[in-house]
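>>> Got a sequence here, can you model it:
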Amino acid sequence: MSLELVTTQREAREDDVSELDLYKKALLDAVWLAYGDMSSWSLVELTHEEAVWDQAWKSRRPGTKRGDLSREDMIGYFLERIPKPEERLDLPPAMISRACAAELEAIETSAKAHQPFIDAVRSFRLVS
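Next up, the predicted model:
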């Protein structure tokens with residue numbers, strides 16, 4: 001992972017780093033400190049150790065080299081996952097929790113001002 005790659009992704013999305021709130025900055029700093037010096041292949045190997053990836057791989061269609069791994073599955077997995085002892089991320093207190101679809105719909109309906117953010121999260125794709 002390189003700062004250049006992160007910068008390229010942010011520029012492609014016109015994402016202004018000055019708009020980060022303190023929570024997001026602390027979160028990104030902690031992740032960068034823990035994983036920023038790893039190569040892309042080391043990160044791939046690390047992610048492939050996770051049960052959610054293993055389940056997606058084992059459930060792929062015969063003859064294919066890709067398993068489907070939904071955003072919902074990843075979020076659910078990592079929200080409930082207990083960190084390994086060697087993972088020493090100095091994270092700020094969590095500001096996210098699980099919510100059922102009905103709760104999310106109620107929040108989204110009452111928060112139309114946040115619709116651009118909601119749409120951006122739903123359509124997020126890594127720029128190549």
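>>> which residue ranges form the helices in the protein?
3-12, 22-35, 40-47, 51-58, 71-80, 101-110, 115-122 (DSSP state H).
>>> how far off helix 71-80 does the last one point, in degrees?
Meaning helix 115-122. Between helix 115-122 and helix 71-80, the angle comes out at 90 degrees (axes from the mean of the first three to the mean of the last three CA atoms, to 10 degrees).
>>> Next, the angle from helix 115-122 to helix 101-110.
Going by the same axes, to 10 degrees, helix 115-122 makes 140 degrees with helix 101-110.
>>> quick check: mean pLDDT across helix 115-122?
Helix 115-122 carries an average pLDDT of 74.
>>> picking that back up, okay if I get the helices of the chain as JSON lines plus distance to residue 65 and mean neighbour count?
Just so you know, the C-beta spots here come from the backbone N, C-alpha and C atoms, and that holds for glycine as well. Shown next, in JSON lines, are those (distance: least, CB to CB, whole Å; neighbours: other CB atoms under 10 Å):
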{"stretch": "helix 3-12", "distance to residue 65": "23", "mean neighbour count": "12"}
{"stretch": "helix 22-35", "distance to residue 65": "25", "mean neighbour count": "13"}
{"stretch": "helix 40-47", "distance to residue 65": "13", "mean neighbour count": "11"}
{"stretch": "helix 51-58", "distance to residue 65": "9", "mean neighbour count": "14"}
{"stretch": "helix 71-80", "distance to residue 65": "19", "mean neighbour count": "12"}
{"stretch": "helix 101-110", "distance to residue 65": "32", "mean neighbour count": "10"}
{"stretch": "helix 115-122", "distance to residue 65": "27", "mean neighbour count": "10"}
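>>> So which of those helices is nearest residue 91?
Distance to residue 91, taken as CB to CB, is lowest for helix 22-35 among the helices of the chain, at 5.1 Å.
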